[in-house]
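1. I'll drop the sequence and a predicted model, then ask my questions.
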Amino acid sequence: MQRKNISSGGPWEDIVGYSRAVRIGNIIEVAGTTAMDGDTVIGAGDPYAQTVFIFKKIEEALRKAGASMTDVIRTKMYVTDISQWEEIGRAHGEFFKTIKPVATMVEVSALINSDLLIEIEVSAVVQ
């Protein structure tokens, strides 16, 4: 099967050695995605805004891989404050209300930037 690496164009991909997403066959994995836009955190202090921004970035990575949000089968959300789960869940529901992938949300002690409240990974299968 052919491998397709999808880049976000960010400098850290080459430094760290990762891709925004990878597609092999009909399987797509999207790397942990945050609310960073260059050096700027989008939605600082707002878990809902960060989640929406992240899902839009993920949607674009999936598009580049030949997929869409309807192909998502799993979401993994890493949050720095689990008490904000309802705001994050509301944003998740706006993207996945009818798709209903399996979902995991866990609290972590920190992300790479203290202003980041959530990081999300998704898995997708193109039918």
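-> Everything's here; your move.
2. Can you give me the first-to-last residue distance of stretch 37-49?
-> In terms of CA to CA, to the nearest Å, the two terminal residues of stretch 37-49 are separated by 13 Å.
3. which residues are in contact with it?
-> 34-36, 50, 52-53, 79, 81, 84, 87-88, 90-91, 113, 115-118 (CB atoms under 8 Å, 6 or more residues apart in numbering). No exception for glycine: its C-beta is placed from N, CA and C like everyone else's.
4. again, 7 Å this time
-> Here stretch 37-49 makes contact (CB atoms under 7 Å, 6 or more residues apart in numbering) with 35, 50, 53, 84, 87-88, 90-91, 113, 115-118.
5. Just name the closest of the residues you listed to Trp12, please.
-> Lowest distance from Trp12 to these (CB to CB) belongs to Asn113, with 11.9 Å.
6. where does the closest residue to that closest one other than its chain neighbours land on pLDDT?
-> For Asn113, ignoring the flanking residues on the chain, the nearest one in space by CB to CB, 6 or more residues apart in numbering is Val41 at 6.2 Å. pLDDT for Val41: 97.
7. what sits opposite Val41 in the beta ladder?
-> Counting by DSSP bridges, Val41 is bridged to Met36.
8. repeat for Val22
-> Applying DSSP bridges to Val22, the residues it is bridged with are Asn5, Glu29.
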